[in-house]
Structures are given as structure tokens and as C-alpha cells.
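S.K.: below are the sequence and a predicted model for it; my questions follow.
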Amino acid sequence: MQFEPELNAMNDILKALKELEPEAQERVVNWVTGKLNLPKASAILNKGQKPKENIIEDNINNNTLAEVFAATNPNSDSDKVLVVATYIQNRDSKDELTGREINKELVHLGHGVGNITNAISGLMNRTPKLMIQTRKDGSTKQAQKKYKVTIEGLNAYKKMFGKAE
């Protein structure tokens, strides 16, 4: 019978998936459809569902900042700031962040930055810009500045997190 190899494959897959939790089953099925480049299967799986935006949503919703930080393993102060800023911005759905907020989280992780402004400036001075200053509250030099991770910053974060599978 010509369908026998397909039926055997389906049976093997079903046996393997039954051993997993529902969330793990979904990840496996999504991975297989992506790996085999099966757009029709992906469309059927996602029908009626809001597709996940990107890996950022997944790792932020399912992991603590400490886990994300360990997974990305940032080396420079600027990279540490980018990881934490991206995490906070997406976890809390914030439009703006302060250097104080970012460094507070870094200190909790045991990776405080000596000069948060310089680390953020390093991200703003890259081409393309990974962070931007959105505004400044007050007129003094020490006035609190508000920042945002750019789309390019999000892309850099994805690369750090290992988007390419």
C-alpha cells in the first residue's frame, strides 16, 4: 500500500508527542513545520491564532530576566544594557526606559554597570542605532533621560539570544 510509509511516520510521531506536555508538543510541531518549510501546515496550525511576534515574546514570557541574561551571555556593558532594556521594554510593554531602571536590574543580577549613560551612549552611537533617547525630563545635565530599544536593537538581541536554529 502506498500510504503505509506515511501512516507509519504518523504513528511514530504520535507516539513521540504523547510523551510530551502540550506546550512541548506544540513547540515540536511548530519546529518541524518550520524546519521542513511547510507553509500550508504552518497556516493551518496558526489559523484563528494570533501569531507570535518573535522570539522576544517567547523568551520574555517564559523565562526570568536572569535566565535570559544567562542565555544571551552579554560581554560588554552595552550588550548587558541591551539585553536588560529589551527584556524590560517588552515584558512591561513600556515605550520608554530610564538608565536607572536598567541598571537597577543589572545590579540585581550582579552585573551593575559603572556608568550606565556611557553604556547606553555606546548603543546610541552604533550604526544602526540600537537604542535612542526619546526625551529628557528637566533642563539640567543630570536630568533623567528616557530611552527606547530600536527595531535594530531588537534584531541584535535576537541574534544574541540565538534566533538562528
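M.R.: Now that the structure is in, tell me what you want to look at. Fair warning: this is a prediction, and the values are worked out from it, not measured in the lab.

S.K.: what ranges of this protein fall below the confidence cut-off?
M.R.: Residues of the chain meeting the criterion pLDDT under 70: 1-3, 38-62, 163-165.

S.K.: can I see the domain layout of it?
M.R.: Annotated domains of the chain cover 4-46, 55-161 [automatic domain parsing].

S.K.: deepest-packed of those, please.
M.R.: Highest mean neighbour count of the domains of the chain: domain 55-161, a mean of 16 (counted as mean count of other CB atoms under 10 Å). To be clear about C-beta, it is placed using only N, CA and C from the backbone, and glycine gets the same treatment.

S.K.: A strand includes I132, no?
M.R.: Yes: remark: I132 belongs to a strand, assigned using DSSP: H, G, I helix; E, B strand; the rest coil.

S.K.: wait, what's in contact with it?
M.R.: I132 makes contact with M124, Y147, K148, T150 under the criterion CB atoms under 8 Å, 6 or more residues apart in numbering.

S.K.: contacting residues around the last one?
M.R.: For T150, the set of contacting residues under the criterion of CB under 8 Å, 6+ apart consists of P128, K129, L130, M131, I132.

S.K.: which parts of this protein are helices?
M.R.: Ranges of helices within the chain are 4-18, 22-35, 39-46, 55-62, 65-72, 77-91, 99-108, 116-125, 151-161, based on DSSP state H.

S.K.: ok, which of those comes nearest K141?
M.R.: helix 116-125 (10.3 Å; CB to CB).

S.K.: packing partners of that closest one?
M.R.: Secondary structure elements in contact with helix 116-125, counted by 3 or more CB pairs under 8 Å, 6 or more residues apart in numbering; DSSP states H and E, are helix 77-91, helix 99-108, strand 131-137, strand 144-149.

S.K.: can I get the CA coordinates of the first one in PDB?
M.R.: Presented in PDB, the C-alpha positions along helix 77-91 are these (Å, rounded to 0.1, in the frame of the first residue of the first chain):
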ATOM      1  CA  ASP A  77      28.400  46.800  29.300                       C
ATOM      2  CA  SER A  78      26.500  48.000  26.300                       C
ATOM      3  CA  ASP A  79      25.400  44.400  25.400                       C
ATOM      4  CA  LYS A  80      24.300  43.900  29.000                       C
ATOM      5  CA  VAL A  81      22.200  47.100  28.900                       C
ATOM      6  CA  LEU A  82      20.700  46.000  25.600                       C
ATOM      7  CA  VAL A  83      19.600  42.600  27.000                       C
ATOM      8  CA  VAL A  84      18.100  44.100  30.100                       C
ATOM      9  CA  ALA A  85      16.500  47.100  28.300                       C
ATOM     10  CA  THR A  86      14.900  44.800  25.700                       C
ATOM     11  CA  TYR A  87      13.600  42.400  28.400                       C
ATOM     12  CA  ILE A  88      12.100  45.200  30.500                       C
ATOM     13  CA  GLN A  89      10.700  47.100  27.500                       C
ATOM     14  CA  ASN A  90       8.900  44.000  26.200                       C
ATOM     15  CA  ARG A  91       7.900  42.400  29.500                       C
END
